[in-house]
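Peer 1: test case, fold it:
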Amino acid sequence: MGNRKSQSSLFWKALITYDRFAFQIGDAVFKMVKKTSKKISKKKKEEKQMELNLQKSWWGKILRAIQNKKQEKGKKKATGNKKREEKSALVANFFQQIREKLKRLAFAGSLVKYGVSILLVVIVLLTVIPLLPVPGNFQTLVVMSGSMEPTVKVGSVAVIKPAGEYKQGDIITFTHPNDPNNSITHRIHEVKEIEGGTIFITKGDANSTPDGWEIALGDIKGKCLFSIPFLGYLVNFAKTPKGFALMIIVPAVLIILDELRVIKSELTKQIEAKYENKRKAQN
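Peer 2: So this is what the prediction gives:
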């Protein structure tokens, strides 16, 4: 009986020892497997991370390239838009300058037209006045002599009017003593009272000595009120057939035609506006 108990105790001790040894071996194997698995897993993670980094780097390059392309395209588009805007601005500025020049030309043309019209009226009046009775006894005379320069220039139109009295220093127009068909405009140099009335000694401002005649009061046509320089050339030219045609008839016809063009343009605008209003009312 004692031997059996001893054998049984040894058996259980051996079994327990084996179990512990087996557990330790299993535990060691498990730990080794786990450690190996962790290494493999870590290596796989590292490889996967490297792959991801590589993919990210590759995709990043592609994305950066695409982004750069887009930016370049945007810059080119912005540059193109800017150039188009600059060209549009240049074109608009060019046409604006043309419009302003046309306005200035139109304004200048209007001034020229009105200036020519006024000049024609003046020339016609100065040409016709000597032939017609004018209220106030005003007369015009073309001075074609330089004896009164610089006060009255050659080619001036002198406007004269009879006065109640004439005194020394007045510029008068009188009948030429030796040629009744002509008149002279000189300044009164001296006034003399004689037994039969008053006589006047005249002298041109440009002359060094007085005239060699005496002028009676009845020979004086009037006192010179003022003179218009150089207009006498145009008046004398307008009195000739060629000058009358060139300076009066032709400009008058051109002015009439221009006024007719303006009237036609205004009538056309009114008719177009009328039809446009009618069309809008129908719609």
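Peer 1: going forward, measure contacts and count neighbours with C-alpha atoms only.
Peer 2: OK.
Peer 1: in the protein, which strand is the longest?
Peer 2: Counting residues, the longest strand found in the chain (DSSP state E) is strand 179-194.
Peer 1: contacts for that one, please.
Peer 2: 143, 147-148, 167-176, 198-205, 210, 224 (Cα atoms under 8 Å, 6 or more residues apart in numbering).
Peer 1: how is this structure carved up into domains?
Peer 2: Segmentation of the chain into domains, based on automatic domain parsing, reads 22-107, 135-229.
Peer 1: out of those domains, nearest to Ala252?
Peer 2: For those, proximity to Ala252 was assessed by Cα to Cα; domain 22-107 is nearest, at 19.3 Å.
Peer 1: Lys223: neighbour count?
Peer 2: Close neighbours of Lys223, defined as other Cα atoms under 10 Å, add up to 24.
Peer 1: who's in contact with it?
Peer 2: 160-163, 166, 170-173.
Peer 1: any idea what the closest residue to it other than its chain neighbours is bridged to?
Peer 2: Leaving aside its chain neighbours, Lys223 sits nearest to Ile172 (4.4 Å; criterion: Cα to Cα, 6 or more residues apart in numbering). Taking DSSP bridges as the rule, Ile172 bridges to His186, Lys223.
Peer 1: what's the distance between Ile172 and Gln139?
Peer 2: Distance, Ile172 to Gln139, using Cα to Cα, to the nearest Å: 12 Å.
Peer 1: so where is the stretch 51-200 of the chain shaky, pLDDT-wise?
Peer 2: By pLDDT under 70, the weakly predicted segments of the stretch 51-200 of the chain are 51-64, 80, 95, 99, 101-113, 115-117, 119-136.
Peer 1: is Glu72 in a helix, a strand, or coil?
Peer 2: Taken by DSSP: H, G, I helix; E, B strand; the rest coil, the conformation at Glu72 corresponds to helix.
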